[in-house]
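> Sequence and predicted model, in that order:
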Amino acid sequence: MEETTRMHESTTPPFDYDIKDPCQNLDVKYTASWLLPPLYSLVFIFGFVGNALVFLILIRCKKLKSMTDIYLLNLAISDLLFIITLPFWAHYAADQWVFGDVLCKVLTGFYHLGFFGGVFFIILLTIDRYLAIVHAVFALKARTVTFGILTSIVTWGVAGFASLPAIIFTTSQREDSRYTCSHHFPSAQSIIWKNFRTLKMNILGLALPLLVMIFCYAGIIQTLLRCRNEKKHKAVRLIFVIMIAYFLFWAPYNIVLLLNTFQVAFGLDNCESSKNLGRAMQLTETLGMTHCCINPVIYAFVGEKFRKYLSTFFHKYIVRHFCKHCHIFHGETLDRVSSTYTPSTGEQEVSAGL
């Protein structure tokens, strides 16, 4: 077996980073052992419930009648893939890795697949809004459910390819007195792979969505200023807030990861800077991981239709099930949330998806 070197013992192996002993290792590890388990547990509970509700509403109420619905469904699936790994990382942070090598690779794969899938589907939603508003005539033909399904399949393939290095190089093994689940790069290529991982994260997770957002929303704003259509303003608001929320939660991590990886280039290769970067990595990574439960909150506060669908879903499937004799609810139907659909797309002429 080719000799490998362990870059770092991380409590969250999918995005582990260098901890230089003795500058920051014990401090960061101790903080993670008491901070991460309860935090990840809360994120898991709220994130799972919220995204599961979005998934059910899109399937049962919206009936996936538009390309936007397809992308929103896949975004919820991405968040759910990410979320189901959190209880395992919580246990790992508090103790050691006890789930074996297979689960180590599978959960790392789910973690990365959920992350990259979330990024890519947010990008697709932004492009979807751009086409619907800036190129409305072309959008009537292009923005179909079939095209949404095909592009979703391709997107999952790209997300899987981006996740492949992490799956290959993440292993579980006994080190010192405990079992770990972390990245192990070939010793001769460890620096190359470490730099590649960081650049990949920053390009796919920060630079690419930022460029897409600037381009698409520049065109959208110009179009909205010309037509001053209130419906189109509402149509772009939800996706814009989703994109902004992503940057607020994940951009700090990507920036600190870049600084941490290239400490020498940025003049931060000293013990004090290393300690500060270690704390910053822990804080920003934790902030980023809480993002998976934010999108359902955005839908609830920004998406007017989502609130109506949520109310209908609650009355139709929850209240009726537990209160069969409450006749006041039996008249509730999905028709209360009315929409006008175009023949070509089966979607509202200008719809925010939820």
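That came through fine. Residues are numbered from 1 along each chain as shown.

> how near is residue 31 to residue 240?
Distance of residue 31 to residue 240, given as CB to CB, to the nearest Å: 35 Å. (Each C-beta comes from the backbone N, C-alpha and C, glycine too.)

> Next: residue 227.
Separation of residue 227 from residue 240 (CB to CB) stands at 17 Å.

> for residue 51, same thing?
Separation of residue 51 from residue 240 (CB to CB) stands at 20 Å.

> between the two, who's got more neighbours?
Shown here are residue 51 and residue 240; by other CB atoms under 10 Å, residue 51 has more neighbours (23 against 19).

> Enumerate every residue touching residue 63.
Taking CB atoms under 8 Å, 6 or more residues apart in numbering as the contact definition, residue 63 lies against residue 69.

> pLDDT value on it, please?
What the model reports for residue 63 is a pLDDT of 80.

> how close does it sit to residue 217?
Counting by CB to CB, the gap from residue 63 to residue 217 is 29 Å.

> How about residue 96: what's its closest non-neighbour residue?
Among residues not flanking residue 96 along the chain, residue 178 sits closest, at 4.0 Å (CB to CB, 6 or more residues apart in numbering).

> Mind pulling up the pLDDT for the one you found?
pLDDT, residue 178: 83.

> Quick one: the helices in the protein, in order.
25-57, 67-83, 86-94, 100-134, 136-142, 145-169, 190-202, 208-227, 230-261, 271-289, 295-302, 304-313, 320-322 (DSSP state H).

> So which of these is nearest residue 183?
helix 145-169 (5.1 Å; CB to CB).

> Other residues contacting the closest one?
Contacts for helix 145-169 (CB under 8 Å, 6+ apart): 14, 64-71, 74, 78, 105, 108-109, 111-113, 116-117, 120-121, 124, 183-185, 193, 196-197, 200, 204, 345-346.

> distance between that helix and the chain's centre?
14 Å (CA atoms, centre = their mean, to the nearest Å).

> Now it: average pLDDT?
Mean predicted confidence for helix 145-169 is 95.

> cool, stretch 118-131 as well?
Mean per-residue pLDDT for stretch 118-131: 94.

> Same check on stretch 200-209?
Rounded mean pLDDT across stretch 200-209 is 94.

> Quick one: residues in contact with it.
15, 115-116, 119, 122-123, 126, 162, 165, 243, 246-247, 250-251, 254-255, 257-258.

> Mind checking which of these are buried?
With neighbours counted by 16 or more other CB atoms under 10 Å, the contacts of stretch 200-209 contain buried members at 15, 115-116, 119, 122-123, 126, 162, 165, 243, 246-247, 250-251, 254, 257-258.

> Please go through this structure and pick out the longest strand.
Secondary structure of the chain per DSSP state E: the longest strand is strand 178-186.

> now that strand against helix 190-202, angle please.
Direction vectors for strand 178-186 and helix 190-202, defined by axes from the mean of the first three to the mean of the last three CA atoms, to 10 degrees, enclose an angle of 100 degrees.

> Distance from stretch 163-183 to the middle of the chain?
23 Å.

> again, but for stretch 90-110
Taking CA atoms, centre = their mean, one finds the center of stretch 90-110 at 20 Å from the center of the full chain.

> how long is it from one end to the other?
15 Å (CA to CA, to the nearest Å).

> Residue numbering should commence at 355 henceforth.
Yes, from this point I'll number from 355; that puts the last item at stretch 444-464.

> and it, average pLDDT?
Taken as a whole, stretch 444-464 has an average pLDDT of 92.

> Can you mark which positions in it are buried?
Neighbour counts over stretch 444-464 (16+ other CB under 10 Å) mark 444-447, 451, 457-464 as buried.

> neighbours of the closest residue to residue 414 other than its chain neighbours, just the number please.
In this structure, residue 414 finds its nearest non-sequential neighbour in residue 667, 6.6 Å apart by CB to CB, 6+ apart. Neighbourhood size, residue 667 [other CB under 10 Å]: 18.

> How about the contacts made by residue 667?
407, 410-411, 414-415.

> among those, who's most crowded?
residue 411 (24 neighbours).

> Would you confirm that it contacts residue 660?
Yes. Residue 411 lies in contact with residue 660 (CB atoms under 8 Å); the separation is 7.1 Å.

> just for this structure, where's the confidence low?
By pLDDT under 70, the low-scoring segments of the chain are 355-382, 384, 582-587, 589, 671-708.

> Isn't residue 436 up against residue 465?
Yes. Using CB under 8 Å as the test, residue 436 is close enough to residue 465 to be in contact (6.2 Å).

> Next, name the residue at the spatial heart of the chain.
The chain has residue 472 as the residue nearest its centroid, 3.8 Å off, counting by CA atoms, centre = their mean.

> what's the distance between that one and residue 649?
Distance from residue 472 to residue 649, by CB to CB: 9 Å.

> Find residues that contact each of those two.
By CB under 8 Å, 6+ apart, residue 472 and residue 649 have these common neighbours: 429, 433.
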